[in-house]
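S.K.: Fold the following.
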Amino acid sequence: MSNPPPSASPTAPKQTPLYNRHKALGAKVIDFGGWAMPVQYKGILEEHKAVRTACGLFDVSHMGEVAFFGPRAAEMVQRLVTNDVGKLRDRTAMYSVACKPDGGIVDDLIVYRQGDEHYLIVVNAGNIDKDVAWFQEHTKSISPNLNNESDQTALLAVQGPKAIGVVASLTGAPIAELAAFAMTEADLAGKKTWVARTGYTGEDGVEIFCSAEDAPELWDAILEAGKPAGIQPIGLGARDTLRLEARLCLYGNDIDEQHTPLEAGLGWVVKGKGYVGEAALAKQKAEGVQRRLVGFVMKERGTARHGYPIVDDSGAKIGGVTSGAIGPTVGVNIGMGYVPADRSEPGTRLVIDCRGKPAAAEIVKGPFYKRK
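M.R.: As a prediction, the model looks like this:
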């Protein structure tokens, strides 16, 4: 969603350790899922372009971090996620999902193996309490060594073609040598951090874990080091258009507990054994899915938005838009949504009901944008 809706929470939104930095930079701050977060600084289009052409700095400290310790840590994590945790080596990471017994997606997440007996799972901000309860429920028979470290941890993302150079200039650690989804400990601007070559923009870059108290000084140091590269602070608005162009799913929009990873095109992360939901997903795979998440390009005037119906030529609803926006880099209106499996092939024509006005769209294969 290009402009995330305000939270309905009756309590004041939580603040990340960087809240005062955002206000000082003139950010427009909104209540996003119970967090006071910057939606934009100079503007979504300018910030989007900065990440695609130079470098952007994101505060993603609202995300949750859950640590698993002890000799049965790998067993605990494998019980929770669909991907094959056994393939992880020390200081590497993988994308995965956690599922309900019926295969519905509890959350999508990244699993980091920091050591043989130390794993970290990063979860979505709005799901922290739900996920921690889910993790505890489904691992209590294995081991109680689980710790929610979200409040003590800050997470910054530096993304864009110049991101690696900016971060490398602040440390002697081999940042530029990190492979995709690898991580290392690094002294960054005098602060102890973990740096992972991961991100959510479709660009190269890193995500940086540090203590909450170190985040403001580290933020300042990265902005200063990035000035020659044209770095800009980036808000949630551009983060959304960037991830949509890369066709990366957003939990609560494109994936949720009512959809399975097989329906969402995430079958490539369903490789593990012994996880919650394994039987349901095996059955669905054998029988075939009835609906699929597809990407589409608008062929007529109109912008698809979350919740807009996808209809057939007679106007009958056959599916729904999950994400949609103007793609600033690709220059066309793009979106994602669920349609019947027999209407999900690339090249298939769709009709989007844009507030009562039908607009033609066409299903396309792969991401809308892919960096060279």
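S.K.: which stretches of the stretch 1-150 of the chain have low pLDDT?
M.R.: 1-10 (pLDDT under 70).
S.K.: ok, which stretches of it are strands?
M.R.: Here the stretch 1-150 of the chain has its strands, by DSSP state E, counting those that start in this stretch, at 14-15, 28-32, 35-40, 56-59, 64-69, 92-99, 105-115, 118-123, 146-148.
S.K.: Quick one: these as CSV, columns for mean neighbour count and distance to Y308 too.
M.R.: Quick note: C-beta positions are derived from backbone N, CA and C, even for glycine. Converted to CSV, those look like this (neighbours: other C-beta atoms under 10 Å; distance: least, C-beta to C-beta, whole Å):
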stretch, mean neighbour count, distance to Y308
strand 14-15, 16, 31
strand 28-32, 18, 21
strand 35-40, 23, 21
strand 56-59, 26, 28
strand 64-69, 21, 30
strand 92-99, 23, 25
strand 105-115, 22, 22
strand 118-123, 23, 28
strand 146-148, 18, 37
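S.K.: Thought N83 was touching K271, still the case?
M.R.: Yes. Look at K271 against N83 with C-beta atoms under 8 Å: they come within range, at 5.6 Å.
S.K.: For these two, work out which one has more neighbours and name it.
M.R.: In this view K271 and N83 are compared by other C-beta atoms under 10 Å, and N83 has more residues nearby, 23 against 16.
S.K.: For that one, which residues are in contact?
M.R.: Contact partners of N83, counting by C-beta atoms under 8 Å, 6 or more residues apart in numbering, are M94, Y95, S96, V97, V111, V269, V270, K271, G272.
S.K.: For the chain, just list every one of the helices.
M.R.: 19-24, 44-53, 73-80, 128-139, 163-168, 215-225, 236-245, 278-287 (DSSP state H).
S.K.: give the contact list for the closest residue to G337 other than its chain neighbours.
M.R.: Excluding the flanking residues, the one nearest G337 by C-beta to C-beta, 6 or more residues apart in numbering is V321, at 4.2 Å. Residues in contact with V321 (C-beta under 8 Å, 6+ apart) are A304, R305, H306, G307, Y308, P309, I310, G335, M336, G337, I352.
S.K.: and the last one, what are its bridge partners?
M.R.: Going back to what we said before, that points to I352. Beta-bridge pairing of I352, defined through DSSP bridges, involves I310, A359.
S.K.: Which pLDDT value does the model give it?
M.R.: Confidence at I352, expressed as pLDDT, is 98.
S.K.: Please report the distance of it from F296.
M.R.: As for I352, its distance to F296 is 8 Å (criterion: C-beta to C-beta, to the nearest Å).
S.K.: okay, and the common contacts of those two?
M.R.: Common neighbours of I352 and F296 (C-beta under 8 Å, 6+ apart) are A304, G335, A361.
S.K.: From the residues you listed, pick the one nearest H259.
M.R.: G335 (16.1 Å; C-beta to C-beta).
S.K.: which residue lies farthest from the center of this protein?
M.R.: S314 (35.9 Å; C-alpha atoms, centre = their mean).
S.K.: what stretches of the stretch 251-372 of the chain score poorly on pLDDT?
M.R.: Looking at the stretch 251-372 of the chain by pLDDT under 70, you get an empty list.
S.K.: still on that earlier bit, turn the strands of the stretch 1-150 of the chain into JSON lines, including distance to A280.
M.R.: Below are the strands of the stretch 1-150 of the chain laid out as JSON lines (distance: least, C-beta to C-beta, whole Å):
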{"stretch": "strand 14-15", "distance to A280": "34"}
{"stretch": "strand 28-32", "distance to A280": "32"}
{"stretch": "strand 35-40", "distance to A280": "32"}
{"stretch": "strand 56-59", "distance to A280": "35"}
{"stretch": "strand 64-69", "distance to A280": "24"}
{"stretch": "strand 92-99", "distance to A280": "8"}
{"stretch": "strand 105-115", "distance to A280": "12"}
{"stretch": "strand 118-123", "distance to A280": "21"}
{"stretch": "strand 146-148", "distance to A280": "24"}
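S.K.: Nearest to G190, out of those?
M.R.: strand 56-59 (17.7 Å).
S.K.: returning to what we had before: redo the shared contacts of I352 and F296 as JSON lines? Include distance to P13 and neighbour count.
M.R.: Formatted as JSON lines, the shared contacts of I352 and F296 follow (distance: C-beta to C-beta, whole Å; neighbours: other C-beta atoms under 10 Å):
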{"residue": "A304", "distance to P13": "28", "neighbour count": "27"}
{"residue": "G335", "distance to P13": "28", "neighbour count": "26"}
{"residue": "A361", "distance to P13": "35", "neighbour count": "27"}
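S.K.: out of those residues, which are inside strands?
M.R.: Secondary structure from DSSP state E places G335, A361 of the shared contacts of I352 and F296 in strands.
S.K.: Which one of the shared contacts of I352 and F296 is nearest to D342?
M.R.: A361 (17.2 Å).
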